[in-house]
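Chemist: requesting a structural model of the entry that follows:
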Amino acid sequence: MFLRQSLAYSQIYDGLVVDPCIPSELSGFTITRKFRDVTYTIEVQNPNKSQKGISKLIVDGVTVDGNQIPYDASKKQVHVVAVLDA
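Modeler: Just a heads-up that it's a prediction; the model follows:
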């Protein structure tokens, strides 16, 4: 659980919340997570060497407000790009 919350996400009823807290030296990473039969590929980018704070969240090519990935049972795969910038 520590690794999951530190690196990228936590589960909620309506989907996943992306809120990584990482070392500023880490330029980014990608994780894959299966949640309710949907496979999420979450790519975290850290261009400004931040430690926390999502400035942009893109879900399947669409920018969404906030840091929540909505659950959609009709999808089998979801690609997420989270850009950090404190």
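
Chemist: please name every helix or strand in contact with the helix or strand encompassing residue 29.
Modeler: Using DSSP states H and E, residue 29 sits in strand 28-35. On a contact count with 3 or more Cβ pairs under 8 Å, 6 or more residues apart in numbering; DSSP states H and E, strand 28-35 meets strand 9-12, strand 15-18, strand 38-45. C-beta: built from backbone N, CA, C; applies to glycine.

Chemist: just want the angle from it to strand 38-45.
Modeler: Here strand 28-35 runs at an angle of 160 degrees relative to strand 38-45 (axes from the mean of the first three to the mean of the last three Cα atoms, to 10 degrees).

Chemist: buried sites along stretch 77-86?
Modeler: For stretch 77-86, a neighbour-count test (16 or more other Cβ atoms under 10 Å) marks 78, 80-84 as buried.

Chemist: contact partners for the residue at minimal distance from the centre of the chain?
Modeler: Central residue of the chain (Cα atoms, centre = their mean): residue 18, 3.9 Å from the mean position. Each residue near residue 18 by Cβ atoms under 8 Å, 6 or more residues apart in numbering is listed here: 8-9, 42, 44, 54, 57, 67-69, 80, 82.

Chemist: low-confidence regions, this protein specifically.
Modeler: Along the chain, segments meeting pLDDT under 70 span 1-13, 86.

Chemist: okay, among the contacts of residue 18, which ones form the most distant pair?
Modeler: The distance between the two most remote of these (Cβ to Cβ) is 15.2 Å, for 44 and 68.

Chemist: which one's more surrounded, these two?
Modeler: Between residue 44 and residue 68, residue 44 has the larger neighbour count (other Cβ atoms under 10 Å), namely 22 against 17.

Chemist: surely residue 16 meets residue 33?
Modeler: Yes: when contacts are counted by Cβ atoms under 8 Å, residue 16 is listed as touching residue 33 (7.4 Å).
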